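A.B. asks: Any chance you can model this:
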Amino acid sequence: MKNKIWIGVISAIVIIALIGAIVFSVQGQENNENVLVLGMDDSFPPMGFRNENNELVGFDIDLATEVCNKLGMKLEVQTISWAAKEQELDSGNIDCIWNGFGYTEERNEAMTLSDMYIKDESIFFVKNDAEYNSQEDLKGKKIGVQSGSTQERRLNDSEFGKEIEEIVGYTDYLTALMDLETGNIDAVYMSKITGTYIMKSQNKNFKTFESTGISTGETGMVIAFKKGNTELKDKIENAIAELKEEGKVKEISEKWFGEDITL
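C.D. replies: Numbering: from 1, shown residues only. Prediction:
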């Protein structure tokens, strides 16, 4: 008789535990659906970077925050290695890459990309007193890029890339520009938006000139999602469209760039 009672008690405990696990799992799924995990490089001003108080700030952070507010989601910002961003997305560690992410045809094949929301271009930055005045002058020289960037890929794939001494990869463009100042490299090939912002905010004095024959197709910034995740892409794009109509996107752009440069 006692054995039957103990068996009944144990069975009840097991059933309660299973029900609790199921409820916890369902709640966890619901919570995950209400959280947007944004993957970013924390040294890409003004799109996303750490300020003097070590806070994550930037245009993309502000825009993502407004999008999440509109969608009733919680924004969770996760710093990642830019060189491993595709793996972070594929593994599910992040929901999107949203940090000055440049459009390329290769990325469009590998991931689901949003429409471009900011137009950008890649240009060369050299020391203000350098003798270089055009891309032609940089043949046989050392050019810095961010590792894993669209600039690195396009420079490597271009005919011009075969005519320079070395393409030097950096973890971020701030480090590349510091190396440029010390003379370790001859130029940095990077986003015009980012380079111009660094020059203004840090009172740097670089000379710039356009690139020719390197970038192909459209150039601009997009949000990347895991291949096939069109549901999340559509939700975020619709929210951005509403924020544009409300004038919020223009407001954020003027805060960071001094003008509305959004598409």
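
A.B. asks: residues in contact with residue 70?
C.D. replies: 239, 242-243 (CB atoms under 8 Å, 6 or more residues apart in numbering). (Each C-beta comes from the backbone N, C-alpha and C, glycine too.)

A.B. asks: Could you dump those residues into a markdown table with secondary structure, distance to residue 130 and neighbour count added?
C.D. replies: Output for the contacts of residue 70, formatted as a markdown table (DSSP: H, G, I helix; E, B strand; the rest coil; distance: CB to CB, whole Å; neighbours: other CB atoms under 10 Å):
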| residue | secondary structure | distance to residue 130 | neighbour count |
| --- | --- | --- | --- |
| 239 | helix | 44 | 19 |
| 242 | helix | 46 | 15 |
| 243 | helix | 41 | 19 |
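
A.B. asks: Now tabulate these in TSV and tack on pLDDT.
C.D. replies: TSV is the format used below for the contacts of residue 70 (pLDDT from 0 to 100):
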residue	pLDDT
239	98
242	98
243	98
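
A.B. asks: can I get these in TSV with distance to residue 155?
C.D. replies: Converted to TSV, the contacts of residue 70 look like this (distance: CB to CB, whole Å):
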residue	distance to residue 155
239	35
242	38
243	34
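
A.B. asks: Check the residues you listed against residue 257 and report the nearest one.
C.D. replies: residue 243 (16.3 Å; CB to CB).

A.B. asks: my guess is the closest one meets residue 249, correct?
C.D. replies: Yes: look at residue 243 against residue 249 with CB atoms under 8 Å: they come within range, at 5.0 Å.

A.B. asks: any idea how far residue 259 is from the residue most central in space within the chain?
C.D. replies: The chain has residue 99 as the residue nearest its centroid, 2.3 Å off, counting by CA atoms, centre = their mean. Between residue 99 and residue 259 the distance is 21 Å, computed by CB to CB, to the nearest Å.

A.B. asks: need the helices for the chain, in chain order.
C.D. replies: Secondary structure of the chain by DSSP state H: the helices cover 2-33, 59-71, 85-91, 105-110, 150-157, 173-182, 192-201, 230-245, 248-257.
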